[in-house]
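Enquirer: Fold the following, please.
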Amino acid sequence: MGEKTVLELRGISKAFPGVKALQNVDFTLHTGEIHALMGENGAGKSTLIKVLTGVYERDEGQIYLHGDHSKSVQIHSPQDAQQAGISTVYQEISLCPNLSVAENIYLGRSEGRLISWRSMNKKAAKLLESLGIAVSPSQQLAGCSIAVQQMVAIARAVDMECSVLILDEPTSSLDEHEVAKLFRLMRDLRERGVGIIFVTHFLDQVYEVCDRITVLRDGRLVGSYDAEALPRVELVSKMLGKELDDMADIKSEIPASADDKTVPVYEAENLCSAEGIAPFRFYIRRGEVNGFTGLLGSGRSESVRAIFGADKVTSGTVRVNGKPVRIHRPIDAMRAGIGYLPEDRKRDGIIGDLSVRDNIILALQVKRGFFRPFSRAQKIRFAEKYIKLLDVKTASVNTPIKSLSGGNQQKVILGRWLLTEPQYLILDEPTRGIDIGTKIDIQKLVLKLASEGMSVTFISSETDEMLRTCSRLLVMRDRRLVGELTGDQLTQQSIMKTIAGGDGA
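Expert: Numbering: from 1, shown residues only. Here you go, the predicted model:
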């Protein structure tokens, strides 16, 4: 790790109406260093990054580059940041899906009026090959998976010859192989002297690839530490501001598998969809928490989308509480007492410009019918109930949901479905991209709902989280159900072995 500093932030403060997002925060990044920026949602990580990249104007503080303290750098826009050698890849991919891969890489950087498409595609192909990204430069970005789109965004940032690279949750949509590929790239950039700020909620990844860790909490600096000198438990404690024993408690709260003699709340035979899922059998009983696990692209999300009718169902029979039903659309599932929190919060979950109140009542209003609108008083009552129940951090029920942190947005969507009082709730990646404290809250809530009789299907990319929460796991590989694990089989080793060599469900 280099000793020279490439970036220094001193006394950075930023306030919004009613909120002090950053209070006198210091941060130092060395050349040739991978530096984790950690904290709960709402701790100030995103605000600090947006101040650094010119999205927000700082209220107070100085920014210095390359150890030059003679003058504070003024960054008033993302363009200023790029010119200063600071490139950012945000958690929510901000590319143009209607353009090609090459066009996205070089968008806004063409020299002169004429563009040589052949030359641009050739340069992009060379860049993509050097990064190990298997995609054609001429392919439309919309046709690429989320994982490939993420890697294209990183390729664009790397190609801009940055001295500071900010990666905001870059691995949230990547599988293990793609994460390993990204980490190889990050280490290579570190050897070239690039300073990397790495924002992630995956603790394993922090300790695998990072040299130092800076922790923020409630807009304040907790401290900066060498990664090898900061035990994991201490890191979590510093992020939460309290001793963490909740994780260990969760496992003991998992309800036992439901009685096999009871009629399943939901049961499907030979269910498959237009998304290429092989026909599978699935059931869940009252008070059970089960889950789909497998690598990215294995068919976890497609399976639950078929259950909810979010994808076109091409075959299969379904029973709810023992009675045959037809679920071809989400509204059919909702009327059958099923709720579904989708994987992509930004695309399929929140409606950013609507208030917290309107986002919470949306599903119930759809179920009731838009010709029978709720009164304003009813909407406020519903919203206040779930804001309090889920401890949503918001100024009021009227606050636009896009103003909330990712974790609080997720709580709002969860409240939306709880308001419909479902007997069966599907949660697809409910804790992705949110802080550890909120993850624990959601896990505990899931187990509480199950203890009260609700059936829950829980999907997470984090195997530990699945093992802490579920009493039965269905293992997917290549969009096919390849195994089912319960009891003593619920271990990391059993899951990996089944993914690697399961012979059938």
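
Enquirer: Give me the neighbour count for residue 131.
Expert: Residue 131 has 18 neighbouring residues, counting by other C-beta atoms under 10 Å. All C-beta atoms are positioned from the backbone trio N, CA, C, and that covers glycine.

Enquirer: show me what contacts it?
Expert: By C-beta atoms under 8 Å, 6 or more residues apart in numbering, the contact set of residue 131 is 151, 154, 155, 158, 181, 185.

Enquirer: mind giving me the domain split of this structure?
Expert: As given by automatic domain parsing, the domain ranges for the chain are 5-247, 259-337+423-505, 345-421.

Enquirer: a markdown table please, covering these and showing mean pLDDT.
Expert: Converted to a markdown table, those look like this (pLDDT from 0 to 100):
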| stretch | mean pLDDT |
| --- | --- |
| domain 5-247 | 87 |
| domain 259-337+423-505 | 87 |
| domain 345-421 | 86 |
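
Enquirer: hmm, back to that, show me which pair in the contacts of residue 131 is furthest apart.
Expert: Largest separation among these by C-beta to C-beta: 158 and 181, giving 12.8 Å.

Enquirer: These two - which one has more neighbours?
Expert: Under the criterion of other C-beta under 10 Å, the comparison of residue 158 against residue 181 puts residue 158 first, with 21 against 16.

Enquirer: Distance-wise, check the more buried one relative to residue 130.
Expert: Noted for residue 158: a distance of 9 Å to residue 130, by C-beta to C-beta, to the nearest Å.

Enquirer: Then residue 104?
Expert: Using C-beta to C-beta, residue 104 is found at 17 Å from residue 130.

Enquirer: With residue 234 instead?
Expert: Note on residue 234: its distance to residue 130, by C-beta to C-beta, is 38 Å.

Enquirer: Same check on residue 386?
Expert: From residue 386 to residue 130 the distance is 49 Å (C-beta to C-beta).

Enquirer: And these two? Which one has more around it.
Expert: Ranked by neighbour count (other C-beta under 10 Å), residue 386 and residue 130 place residue 386 first, with 23 against 13.

Enquirer: isn't that one right next to residue 421, touching?
Expert: No. Using C-beta atoms under 8 Å, residue 386 makes no contact with residue 421, being 11.7 Å away.

Enquirer: can you tell me how far the residue sitting furthest away from the middle of the chain sits from residue 430?
Expert: Distance to the chain centre peaks in the chain at residue 70, reaching 39.9 Å (criterion: C-alpha atoms, centre = their mean). From residue 70 across to residue 430, the span is 49 Å (C-beta to C-beta).

Enquirer: quick one, helices of the stretch 301-450 of the chain?
Expert: For the stretch 301-450 of the chain, helices defined by DSSP state H, counting those that start in this stretch occupy the ranges 330-335, 356-368, 376-389, 406-419, 436-451.

Enquirer: typo on my end, the stretch 151-300 of the chain
Expert: For the stretch 151-300 of the chain, the helices defined by DSSP H, counting those that start in this stretch cover 176-191, 203-209, 232-240, 246-252, 300-308.

Enquirer: closest to residue 345 out of the ones you listed?
Expert: Comparison of the helices of the stretch 151-300 of the chain against residue 345 by C-beta to C-beta identifies helix 300-308 as nearest, at 12.9 Å.

Enquirer: With only the CA atoms kept, save that closest one in CSV.
Expert: Extracted in CSV, the C-alpha atoms of helix 300-308 (Å, rounded to 0.1, in the frame of the first residue of the first chain):
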residue,chain,number,x,y,z
ARG,A,300,-34.2,-18.1,-7.8
SER,A,301,-36.1,-14.9,-8.7
GLU,A,302,-37.7,-16.4,-11.8
SER,A,303,-39.2,-19.2,-9.6
VAL,A,304,-40.9,-16.8,-7.2
ARG,A,305,-42.0,-14.5,-10.1
ALA,A,306,-43.8,-17.6,-11.5
ILE,A,307,-45.4,-18.2,-8.2
PHE,A,308,-46.7,-14.6,-8.0
